[in-house]
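Return atomic coordinates for the entry below.
(one chain, ligands or ions: 1)
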Amino acid sequence: MQKEPFNRALLEFLDVSVTPFHATAAMKKTLVSAAFKELHEDKPWNLKEGEKYFVTRNDASIVAFTYPKQRKGYVMIGAHTDSPCLKLKPNPVLKQCGLLQLGVAPYGGLLMNPWFDRDLSLAGRVSFMNEAGELCEEYIDFKEPIAVIPSLAIHLDKEANKNRSVNAQTDLVPIVTCNTEITLERLLFSQLKEPSPTQLLSHELSFYDAQHAAFIGLEQEFIASARLDNLLSCYVATRVLCNVSNNDAFLMVCSDHEEVGSESTSGAAGSFLESVLKRISGDFESYTCLMRRSLMVSCDNAHAVHPNFSDKHDANHAPQINQGVVVKVNANQRYASSSRGVSAFVHAAARIHEPTQTFVTRSDLGCGSTIGPITATRLGVETLDVGLPTYAMHSIRELAGSDDAWSLYNILRELKR
Ligand code: ZN
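Residues are numbered from 1 along each chain as shown. Now for the predicted structure:
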């Protein structure tokens, strides 16, 4: 695969992956087209050497792996499918000032200000009863912009440019229509394939920016999109799995709920990956040996040094866009990287002449975390944290470099155990 088609397919992936459900479906599709076979957690597995498999949980997390004859240790690539967003409340309908609005709850560490004045669409999972009285489930995506959160005009808030704070309960309520007669049921049922839904039972929907991913910059140096954190890594991981030999032991895990702490059935702190690895291993002895011989590369975005705010970085650990994958180190284990894991990664990069950079947060600033330390704790597997330099993390539209994803893809493939 070449860099140009790789990046074009990345943009397509970003556009269709509007929720963790849609991201998982998109990865599934790519894996199926590369001859991966689907497994189901609730059925017995009969793995055959030389085959490749994937399995999902809650349709929002996915594990894919090769199953070679020689399985001394796996190169595991970890990422997350979720991104900060506005989730629809169970009873969201609000009517005021001649408008119908839908109440939302912020999901994850959302940068709220950028959500004003964007063209918003809605997607996710809908559960309903059909005419036959059966419980049905569908994934929907309005695709078109159907909502907006207008800013308050500066004339009504003279202090707006000083320090406008956002009240998540009252300020961030999307406006959907002037037709206050529309019910939530009617709105959601309009998107279903099922011709005769009778009752809405439950939903898990979120708003997203309808603007498509795009190359930006005089020489298209940048990729601008929603959800770069962490769909960039999900995409790279999927491409790696699809392009390694059947004789190499590779695994990827893309989990939901990282942005809210990973503690859920499908989150990285849950049992999903561990139970897959135990089924791959067969018995406890093999499982323990496999964990001690494997390497987990937790891939999540890294803060690139911002020219307008460069003092927010430690000068010696200030990653730049398009200057290579960032290895993330934290003295207090907010990142899982040890010198052993780091050296394995940097060694692979050096072999193929790919540059790397290092990020350490300023000692007077707090540090975010990733699925890295959680997975290391749960499995006892050597883990390191890496990521692609990114601006505006957790904004509705983030920015990354158009060279870096390709570079990560090449280094990961080089990381054979
Ligand atoms: Zn992330």
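
hey, what's the closest residue to A35 other than its chain neighbours bridged with?
Computed as CB to CB, 6 or more residues apart in numbering, the closest residue to A35 that is not its neighbour in sequence is K52, at 6.3 Å. All C-beta atoms are positioned from the backbone trio N, CA, C, and that covers glycine. Here K52 sits in beta bridges with T66, going by DSSP bridges.

My read is that K52 contacts E38, right?
No - using CB atoms under 8 Å as the test, K52 is too far from E38 to be in contact (10.7 Å).

Who has more neighbours out of the two?
Using other CB atoms under 10 Å as the criterion, K52 and E38 rank with K52 on top: 19 against 12.

distance between the helix or strand harbouring E274 and the chain's centre?
Element membership of E274, judged by DSSP states H and E, is helix 272-281. The chain centre lies 22 Å from the centre of helix 272-281; the measure is CA atoms, centre = their mean, to the nearest Å.

what helices or strands is the next helix or strand after that helix leaning on?
Next along the chain after helix 272-281, taking DSSP H and E as the criterion, comes helix 284-293. Helix 284-293 makes packing contacts with helix 272-281 when contacts are defined by 3 or more CB pairs under 8 Å, 6 or more residues apart in numbering; DSSP states H and E.

what angle sits between the helix it packs on and helix 284-293?
120 degrees (axes from the mean of the first three to the mean of the last three CA atoms, to 10 degrees).

nearest spatial neighbour of T390, skipping sequence neighbours?
Of all residues not flanking T390 in the chain, N301 sits nearest, at 4.1 Å (CB to CB, 6+ apart).

Then G73?
Setting aside the residues directly before and after it, G73 is nearest to R293 in space (CB to CB, 6+ apart), at 3.1 Å.

cool, H212 as well?
Per CB to CB, 6+ apart, closest to H212 is D15, 5.2 Å.

Confirm for me that that neighbour is in contact with A210.
No - with contact defined as CB under 8 Å, D15 does not count as touching A210 (9.8 Å).

Can you list the low-confidence ranges for the protein?
Scanning the chain with the threshold set as pLDDT under 70 gives 417.

any idea how far V360 lies from A331?
According to CB to CB, to the nearest Å, V360 and A331 sit 8 Å apart.

What is the burial count for the residue nearest to G73?
15.

now E137
When neighbours are defined as other CB under 10 Å, E137 has 12 of them.

mind listing what it touches?
Residues in contact with E137 (CB atoms under 8 Å, 6 or more residues apart in numbering) are R125, V126, S127, F128.

and the helix or strand where the last one lies, what other elements does it pack with?
Okay, so that is F128. Element membership for F128, per DSSP H and E: strand 120-130. The helices and strands touching strand 120-130, judged by 3+ CB pairs under 8 Å, 6+ apart, are helix 20-33, strand 135-141, helix 184-189, strand 197-209.

picking that back up, give me the common contacts of K52 and E38.
With contacts taken as CB under 8 Å, 6+ apart, K52 and E38 have no neighbour in common.

gap between the two ends of stretch 359-372?
Stretch 359-372 has an end-to-end distance of 15 Å (criterion: CA to CA, to the nearest Å).

in it, what's buried?
Under the neighbour-count criterion of 16 or more other CB atoms under 10 Å, stretch 359-372 has F359, V360, T361, C367, G368, S369, T370, I371, G372 buried.

secondary structure class for the last one?
Under the three-state scheme (DSSP: H, G, I helix; E, B strand; the rest coil), the conformation of G372 reads as helix.

Quick check, it in contact with Q333.
No - contact criterion CB under 8 Å: G372 and Q333 do not qualify, at 9.1 Å.

Sweet, I'm off.
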